[in-house]
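*Asks:* A predicted structure for the sequence below; I have some questions about it.
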Amino acid sequence: MQKYGLDALDAKVVWITGASSGLGEALAKACASQGAHVILTARRFEVLEQVRASLSQPDNHLSIAMDVTNEEQVQTTYTQILEKYGRIDWLINNAGLSQRALISETNMQTERAIMEIDYFSQVFLTKMVLPTLLQQKSGRIVFISSVAGLLGTQYRASYSAAKAAIHLWANSLRAEVADQGVQVSVVFPGFVQTNVSFNALNGVGQAQGHQDEAIANGLSADDFANQVIKALMHGEEYIVVAGVKEKLGVFLSRLSPKALYKVIRKSAVK
C-alpha cells in the first residue's frame, strides 16, 4: 500500500473494534501496511488470530477477544493494551450492527440492542480511553458512522438513529478536546461489500441471513479502508466513502431534504 504523509502511522498503536471481518479487518490491513501496531478486538479470538496472521508483520499486532458491550471485558482489554504498549494513538470505533426491519415490525428489545452496540458501547470505550489521550496530548478517535446516519431510510430507523447519534456525540467531543491535542474523525460508509446485511437484525432481533443487492454491488472493503486511512492520515474529520448515488444523497440532504425523501421513498433500499 502507498505510504501517506502528515499523520504517519509508523510504530503507532491503533486499536480497532469489530476487527474480525468486514470493515474492521480491512482497516486493520491498511493500518498494518502503514507500519502501525494494531490491536484487533472482537468476540471470536480464533478469527482474530486468522486476521492477525494475514497482516503485514503479524508479530507486531495483538488479538484480544472482547465483547464491546461488556464493560468489564472492555476495561480489562484497555488495561492489557496499556501494559503492553504504554499508549494508544488511534482508537477506531468500528464494531456495529445494522438493521433490516420496518419501524412497525421492530420490538423494543431490538431497538435497544442496536443502540447499545452502535452508540452506548462506543461512548463507553471512548470515555475510558480519552484520559490516556489527553495525558499524551495526542491521539485520534475515529467513529465509523454511516451514510444512513446522515439520511435515514426505510428498514434502518434504529440503525440510522444510532449512527446519527454517534456522529453528533463525536462533534461535541471534537469541540471539547480540540485544543488538547486529541483529534476526532467520523467516517460515513456507503454500500461496502461486507457481511453487514447477513448480520443485520430483523424486527425480532434475528439475523437477516442474506446479502442485500446494494451491498453486494458496493465498494470493496479494501478500497474503502485505503480511502479512509489516507483521509485520516491527512487529518480529515468528516469522511464520506461511498458510491455516486450515496454521495448525491448526502449532497441533496443539505440542498433540499424534501427532494431527497421523495427519492428515498421510491428507492429499493432492502
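*Replies:* Everything's here; your move.
*Asks:* from E71, how far off is the closest residue to I103 other than its chain neighbours?
*Replies:* In space, and not counting its chain neighbours, I103 is closest to A157: 4.9 Å by C-beta to C-beta, 6 or more residues apart in numbering. The way it works is simple: take the backbone N, C-alpha and C, and place the C-beta from them, glycine included. Distance, A157 to E71, using C-beta to C-beta, to the nearest Å: 26 Å.
*Asks:* biggest helix in the protein by residues?
*Replies:* Assignment by DSSP state H gives helix 157-177 as the longest helix of the chain.
*Asks:* show me what the helix or strand following it is packed against.
*Replies:* Sequence order places strand 182-189 as the next helix or strand after helix 157-177, per DSSP states H and E. Applying 3 or more C-beta pairs under 8 Å, 6 or more residues apart in numbering; DSSP states H and E, one finds that strand 182-189 makes contact with helix 121-136, strand 139-144, helix 157-177, helix 221-233, strand 238-241.
*Asks:* restricting to C-alpha, output stretch 230-238 in CSV.
*Replies:* Only the C-alpha atoms of stretch 230-238 are listed here, as CSV (Å, rounded to 0.1, in the frame of the first residue of the first chain):
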residue,chain,number,x,y,z
LYS,A,230,-5.4,8.0,3.6
ALA,A,231,-8.0,10.6,4.7
LEU,A,232,-7.3,10.1,8.4
MET,A,233,-3.5,10.4,7.8
HIS,A,234,-4.2,13.7,6.2
GLY,A,235,-6.1,14.9,9.2
GLU,A,236,-9.6,14.8,7.8
GLU,A,237,-12.5,14.9,10.3
TYR,A,238,-15.6,14.3,8.1
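*Asks:* so which bits of that stretch are buried?
*Replies:* K230, A231, L232, M233, E236, E237 (16 or more other C-beta atoms under 10 Å).
*Asks:* how about stretch 11-22?
*Replies:* For stretch 11-22, using 16+ other C-beta under 10 Å, the buried residues are K12, V13, V14, W15, I16, T17, G18, A19, S20, S21, G22.
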